[in-house]
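Participant: Sequence and computational prediction follow.
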There are 2 protein chains.
Amino acid sequence: MNTKVDLNIEEETVKTLEWLGQFGRDSEGGISRLLYTQEWIDAQRSLAKLFEDEGLTVHQDEVGNLFGRLEGSVYKDETILTGSHVDTVKNGGLYDGQYGIVAGFIAIKYLKRKYGQPLRNIEVVSMAEEEGSRFPYTFWGSNNIVGKARKEDVKELKDFDGISFEEAMHKAGCDYKKNPEKIRDDLKAYIELHVEQGNVLETEGFPIGIVEHIVGQRRFTIEVTGQANHAGTTPMKYRKDAMNAASRMVCEINELALSYGDPLVATVGKIMLEPNIVNVVPGKAVFTLDIRHTSKALLEAFADKVTAKMRKIADKLGVEINIDMWMDADPVPMDQRIVKIIQNQCDENKLNYRLMHSGAGHDAQNFAEVVPAAMIFVPSRKGISHNPAEFTEPCDLAEGVKALIGALYKLGYQEEGV
Amino acid sequence: MNTKVDLNIEEETVKTLEWLGQFGRDSEGGISRLLYTQEWIDAQRSLAKLFEDEGLTVHQDEVGNLFGRLEGSVYKDETILTGSHVDTVKNGGLYDGQYGIVAGFIAIKYLKRKYGQPLRNIEVVSMAEEEGSRFPYTFWGSNNIVGKARKEDVKELKDFDGISFEEAMHKAGCDYKKNPEKIRDDLKAYIELHVEQGNVLETEGFPIGIVEHIVGQRRFTIEVTGQANHAGTTPMKYRKDAMNAASRMVCEINELALSYGDPLVATVGKIMLEPNIVNVVPGKAVFTLDIRHTSKALLEAFADKVTAKMRKIADKLGVEINIDMWMDADPVPMDQRIVKIIQNQCDENKLNYRLMHSGAGHDAQNFAEVVPAAMIFVPSRKGISHNPAEFTEPCDLAEGVKALIGALYKLGYQEEGV
């Protein structure tokens, strides 16, 4: 079976994104669809209907992850999963998360029409939550799928209105998983399509990025303590200026990061001075450092080198330094076989791609712990995400869906697929 | 007349400071004596009594400046004025301001006992206000004396409790000056004794500083606009990191200031980032720059050079920069003849001093516009001021008073004095 399919992937993708984007459309022109809110409930219900109308077998798990399955004909206990998260940040955009769901659905719709029933099940998932925007907990959706979510981690959490996680969950008709550690044993692969949230593809002119690694991250808070002094009466040579010391450290961090080159990134995103007054030499500077790399060894090496350099600067300027590492997440490699399959498909179908890494965390990193996982990126205009200005060209959205179709075909329709 | 005087200057100074410090002693161990409060009223009333008991002619002007005069015998229309401000910052120390009043009083007391009536009037002034701690207006006391204070500049001001300046003033029994521009024509010299509020005298081991200049100041707000980006997905080479750019500028400011050497000081005391989030490359950094120098030409030259360097950094890093100068006060030289008189006295009396500048603003800079003015500093331990931890060794307090005595003697008791 290999019929001509009357389905304009580009139009269908844009239309379905717009349709899904109406659930949670906010007054500021963005989308606010937080976990277990009415907008969230409406979106999941409407997706269930969409999946059913396409003839997929629909299932929603206890916590609210929604699955739409195109049943396989031969390997009924083997499932190829694709999708992403349905929740958004507050005042988010039209693409982050929901593009992966829409793309998965359209890919399946296309495959079904073109090739009929696959050998293995192909499923699209609309995951409950990834952003951590309502409650201070991220990856609730995929954590539940991979058996990592725990009742005690969310039970006490409250949203900004004081509503508890549990209350919100129950109100949305959901509940904790009966067997939180149980993992589906039919999952054979997970492929997530997502917007890049960076500007590499746009800058370099590629419509598709195939992710090889999701970066590891270390986050630090650095406290520099000098001495607060009168800005007029304290000669330069007698100062212990925490801002001057912090600035030297920030310069050093940036220079060292540049010298390491991609994919290392280092960011000082936040700083707080004391007393933070125009005419007082700052006595204290507290700033954050976020470093990421796809290689654990290089991430560690950079962290060691940069902290040593900061201590040296502190020493030289006579200020105290305290460096606190409060996040240390290892890099996650994507499955090299699936990466290769996606790559081959792109080559065969003449899709223009580059291999890259993901500098942001994604559900795929959770899946990677239990199943061969991979990701495909499409460009984000100006790298903007988590914002109503989030945008990807329709033609690029379509290219991403085509790459996914190719990969799902290989994995779901071919004997040697998995 | 030159009798032996039974007056221990050191003990008397400490005792009188402690006595005056009881007015406004706060629960945190500091002194809070804001303009026109009950503590302020009590302090001025008690000082008036102290002055009267010593046989001085007491006068309080409309706005509340309190004067205690030792009448001159010959030049009755010539007055040598000394003193400082009686108000404190909130939770201030025992020395800032009130040391100048106490020292002036004790100097007069000593001179009167030792030498009797002077040729010229010698007056101590306890000025109403200098700190700007209750209302957003500084130098209310000396501005009134030198004819610079204006009703319209304070009329609409309110304190933190919403009480208007006028209401507070009237409640304290004070009022605007009838002739705001009128300046006393008997004033021939003003000498202010003050704690240094810096650490130069302490660090270099001098009990006395004779001020030659009060620095000029320029204050700027610098706004650096780059582009906020995801900290994980934006490669170093594609960033427009406002914090990185600001840090380079701060380093440059400090290096250039060090290369200029004393008395130039440059301070970045305040910074604010947007969005100021650990995992977002800062899109904006707004920081302040406070520069001071005793030479107007060098202050200007430094300002020009440092702003040019900042623009160059912005250019190089592809960020926008906006530099707003919102304060531009010229340096104020002290009267060289009076400086010389103080210096000679110190030499004759074997007092250990250094010539220096004041990096902070003082009432003396106001007086300097209308009358020969000078200042004497004593050390501030660790340079601390505006804080209950403010401290000057009793022996240093006494050395300061002795230097003042010498100067007042020369100016008030000697024919060629002024």
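Facilitator: Received the coordinates, thanks.
Participant: Tell me the pLDDT of the residue nearest to A:Arg311 when sequence neighbours are not counted.
Facilitator: Nearest non-adjacent residue to A:Arg311, counting by Cβ to Cβ, 6 or more residues apart in numbering or on different chains: A:Ile321, 5.9 Å away. C-beta: built from backbone N, CA, C; applies to glycine. On the pLDDT scale, A:Ile321 is placed at 98.
Participant: for A:Ile384, same thing?
Facilitator: 89.
Participant: A strand includes the residue nearest to A:Arg311, no?
Facilitator: Yes. The assignment for A:Ile321 by DSSP: H, G, I helix; E, B strand; the rest coil puts it in a strand.
Participant: List the residues that contact it.
Facilitator: A:Ile222, A:Glu223, A:Val224, A:Thr225, A:Ala245, A:Met310, A:Arg311, A:Ala314 (Cβ atoms under 8 Å, 6 or more residues apart in numbering or on different chains).
Participant: burial count for the first one?
Facilitator: Taking other Cβ atoms under 10 Å in any protein chain shown as the neighbour definition, A:Ile222 ends up with a count of 24.
Participant: that older thread, ok, so of the contacts of A:Ile321, who is nearest B:Phe160?
Facilitator: Closest to B:Phe160 out of the contacts of A:Ile321 is A:Thr225 (29.9 Å), distances taken as Cβ to Cβ.
Participant: quick one: the closest one from A:Ala231, how far?
Facilitator: 18 Å (Cβ to Cβ, to the nearest Å).
Participant: The two - which one has more neighbours?
Facilitator: Taking other Cβ under 10 Å, A:Thr225 and A:Ala231 do not tie; A:Ala231 has more neighbours (29 against 18).
Participant: The more buried one reaches B:Val265, doesn't it?
Facilitator: Yes. Using Cβ atoms under 8 Å, A:Ala231 is in contact with B:Val265, at 6.6 Å.
Participant: shared neighbours, those two?
Facilitator: B:Asp290, B:Arg292, B:Gly359.
Participant: can you pull the contacts of the residue of the stretch 201-350 of chain A found nearest chain B?
Facilitator: Going by Cβ to the nearest Cβ, chain B is nearest to A:Thr233 of the stretch 201-350 of chain A, at 2.7 Å. Contacts for A:Thr233 (Cβ under 8 Å, 6+ apart) come out as B:Glu196, B:Gln197, B:Gly198, B:Asn199, B:Val200, B:Ser358, B:Gly359, B:Ala360, B:Gly383.
Participant: Near chain A, list only the ones from these.
Facilitator: Among the contacts of A:Thr233, the ones lying near chain A by Cβ under 8 Å from any Cβ of the partner chain are B:Glu196, B:Gln197, B:Gly198, B:Asn199, B:Val200, B:Ser358, B:Gly359, B:Ala360, B:Gly383.
Participant: The first one - nearest residue in space that isn't next to it in sequence?
Facilitator: Meaning B:Glu196. B:Phe377 (4.3 Å).
Participant: Could you list the buried residues of the helix or strand hosting that neighbour?
Facilitator: Assigned by DSSP states H and E, B:Phe377 belongs to strand B:373-378. For strand B:373-378, burial by neighbour count (16 or more other Cβ atoms under 10 Å in any protein chain shown) applies to B:Ala373, B:Ala374, B:Met375, B:Ile376, B:Phe377, B:Val378.
Participant: ok, so of these, who is nearest A:Asp330?
Facilitator: Using Cβ to Cβ, the buried residues of strand B:373-378 come closest to A:Asp330 at B:Phe377, 58.8 Å.
Participant: Who are the contact partners of that closest one?
Facilitator: Counted by Cβ under 8 Å, 6+ apart, B:Phe377 has contacts B:Leu193, B:His194, B:Val195, B:Glu196, B:Leu201, B:Ile208, B:Gly209, B:Ile210, B:Val211, B:Met356, B:Ser358, B:Gly400.
Participant: likewise A:Leu50?
Facilitator: Neighbouring residues of A:Leu50 by Cβ under 8 Å, 6+ apart: A:Gly68, A:Phe105.
Participant: would you say it is within a helix?
Facilitator: Yes. A:Leu50 sits within a helix when classified using three-state DSSP.
Participant: re the thing from before, what's the mean pLDDT across the strand holding B:Phe377?
Facilitator: 98.
Participant: quick one, the helix or strand immediately after that strand in the chain and strand B:373-378 angle?
Facilitator: In the C-terminal direction, the helix or strand that comes right after strand B:373-378 (DSSP H and E) is helix B:394-413. Angle between the axes of helix B:394-413 and strand B:373-378 is 160 degrees (criterion: axes from the mean of the first three to the mean of the last three Cα atoms, to 10 degrees).
Participant: how distant is helix B:394-413 from the center of its chain?
Facilitator: For helix B:394-413, the distance from its own C-alpha centre to the chain's C-alpha centre is 19 Å (Cα atoms, centre = their mean, to the nearest Å).
Participant: Over to stretch A:217-234?
Facilitator: 33 Å.
Participant: Using JSON lines, lay out the shared contacts of A:Ala231 and B:Val265 together with neighbour count, pLDDT and secondary structure.
Facilitator: Converted to JSON lines, those look like this (neighbours: other Cβ atoms under 10 Å in any protein chain shown; pLDDT from 0 to 100; DSSP: H, G, I helix; E, B strand; the rest coil):
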{"residue": "B:Asp290", "neighbour count": "22", "pLDDT": "96", "secondary structure": "strand"}
{"residue": "B:Arg292", "neighbour count": "28", "pLDDT": "96", "secondary structure": "strand"}
{"residue": "B:Gly359", "neighbour count": "26", "pLDDT": "93", "secondary structure": "coil"}
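Participant: now, which of the buried residues of strand B:373-378 sits nearest B:Val102?
Facilitator: Nearest to B:Val102 among these, with distances taken as Cβ to Cβ, is B:Val378, at 11.8 Å.
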